[in-house]
Every structure is written in C-alpha cells, then in structure tokens.
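Undergrad: Give me a 3D structure for the following:
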Amino acid sequence: MTELEAVNILLSVIGEAPVDKLGDKNKNEITDASLARRTLNEVSRDVQSEGWGWNTNYNVDLPVNAKNEFNLDANTLVAVFYPDAYPDMEYVQRGNRIWDRFKSKFDFGSTDFNKLTVNEAVVKLDWDQVPHAAQQYIVIRAARIHSDRFVNSNAVYIYTAADEEYARAMLTRSEERHQTNNILW
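TA: Numbers count the residues shown, from 1 in each chain. The predicted structure follows:
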C-alpha cells in the first residue's frame, strides 16, 4: 500500500473525495489530505515506537563524537540498554543523545571506550519500508482517530474500531510468525 492510498482511505472514512497526489511534507497546508497525512504519520510513529521485530535493531554501536557524547540516528524512537551490558552505569535516551543518569550529563568525558552499544534500537521506518500487516493496522487506527477528530460520528467509530481490533490481531499474528517461539521461550 502506498502512502497516497493510505491517505485516501483516511479521507474516504470521513466522506471526502480521494486525492491524486500528496502535497509537500514540509509545507504547513491545512487541507483534508494534509491533515489525514499528519494523522497517518502520527499513528505510524506511535505504532512503530512499540518496537516490533521489523523495526528493532540489536547491538547498535554508537561512536563517541568530538564533544564526548553519543548521538543516536534521527529516526531512533527508543534506545534500550540492558543492565548486564553496563552494570556500573545507567544510560537512557534523551532526545537523540545518550544521557548518563549517574553523572547527570551528556558529556561522557574521557572514557576508556570509544563506542557505546545500544542493546535494542527501535527505529521509525519510512512508510514504504513498513510491512503490509503494520500498514493495515496503522491505516485503520489512523482512520478511526481521524474520523473521531474531524467528524465525531459514532457509526464511523464503531465500524472502524472493530476493524482496528482485527488489524491489530493480524499484526500480532504476523509478528509471532516471524519469531522462533517455543514452549520454553
């Protein structure tokens, strides 16, 4: 599904005509299509921030910069450090930098290491990189939210709430299918 198709689904749920192209993301337009696109992007970010198998990278090395700080990529939504990886330290993500809670600062000073390993990095993928099951769930959830914001119709909400529940179940099933779960794991 393309982003244009997704936006047109959001528009159709509120009874608006489809569009044949999307406007510039950087322009602050107030059209039905741009509002639908913003809702779609907002929901996509929320869903992706949960951390799924398709958007979670493991053991990501971050090099230290000239300020003795560790910066995350701009598309990083969540950075997780396992306690056993750095038992004497407590690192967390603040914005797109790593914060040392013990020292209460971003500057790691002169350290014995020139890299820091993020155990789990959840990243925001572009729309065309998101798997179909996730796209389907994101679109249906975004359509429900969009219709609630701009139409506020119980009939539309009830219809899309059931679809959202089903799409979430399909996304979870797809996620489980790609894992190596067994009775012990």
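Undergrad: for the chain, what are the low-confidence residue spans?
TA: In the prediction, the chain carries residues with pLDDT under 70 at positions 111-112, 155-159, 180-185.
Undergrad: In it, mark out all the strands, start to finish.
TA: In the chain, the strands defined using DSSP state E lie at 56-63, 76-80, 91-94, 97-100, 115-123.
Undergrad: chain center to the longest one: distance?
TA: The chain centroid and the centroid of strand 115-123 are separated by 16 Å under Cα atoms, centre = their mean, to the nearest Å.
Undergrad: what is the orientation angle of that strand with strand 76-80?
TA: Strand 115-123 and strand 76-80 meet at an angle of 130 degrees, taking axes from the mean of the first three to the mean of the last three Cα atoms, to 10 degrees as the criterion.
Undergrad: for the first one, same thing?
TA: Here strand 56-63 runs at an angle of 80 degrees relative to strand 76-80 (the same axes, to 10 degrees).
Undergrad: So for Ile30, which of the strands of the chain sits nearest?
TA: Distances from Ile30 to each of the strands of the chain were compared using Cβ to Cβ; the minimum, 27.0 Å, belongs to strand 76-80. C-beta: built from backbone N, CA, C; applies to glycine.
Undergrad: Using PDB, list the CA coordinates for the longest helix along the chain.
TA: Among the segments of the chain that qualify as a helix by DSSP state H, the longest is helix 154-177. Output of helix 154-177 as PDB, limited to C-alpha atoms (Å, rounded to 0.1, in the frame of the first residue of the first chain):
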ATOM      1  CA  ASN A 154     -20.400   7.000  16.500                       C
ATOM      2  CA  ALA A 155     -21.400   5.000  13.400                       C
ATOM      3  CA  VAL A 156     -18.000   5.500  11.900                       C
ATOM      4  CA  TYR A 157     -16.200   4.900  15.200                       C
ATOM      5  CA  ILE A 158     -17.900   1.600  15.800                       C
ATOM      6  CA  TYR A 159     -17.200   0.400  12.300                       C
ATOM      7  CA  THR A 160     -13.500   1.300  12.400                       C
ATOM      8  CA  ALA A 161     -13.000   0.100  16.000                       C
ATOM      9  CA  ALA A 162     -13.900  -3.400  15.000                       C
ATOM     10  CA  ASP A 163     -11.600  -3.200  12.000                       C
ATOM     11  CA  GLU A 164      -8.800  -1.800  14.200                       C
ATOM     12  CA  GLU A 165      -9.100  -4.700  16.600                       C
ATOM     13  CA  TYR A 166      -8.900  -7.200  13.800                       C
ATOM     14  CA  ALA A 167      -5.900  -5.500  12.200                       C
ATOM     15  CA  ARG A 168      -4.000  -5.400  15.500                       C
ATOM     16  CA  ALA A 169      -4.600  -9.200  15.800                       C
ATOM     17  CA  MET A 170      -3.300  -9.800  12.300                       C
ATOM     18  CA  LEU A 171      -0.200  -7.600  13.000                       C
ATOM     19  CA  THR A 172       0.400  -9.600  16.200                       C
ATOM     20  CA  ARG A 173       0.000 -12.900  14.400                       C
ATOM     21  CA  SER A 174       2.400 -11.700  11.600                       C
ATOM     22  CA  GLU A 175       4.900 -10.700  14.300                       C
ATOM     23  CA  GLU A 176       4.700 -14.100  16.100                       C
ATOM     24  CA  ARG A 177       5.000 -16.000  12.800                       C
END
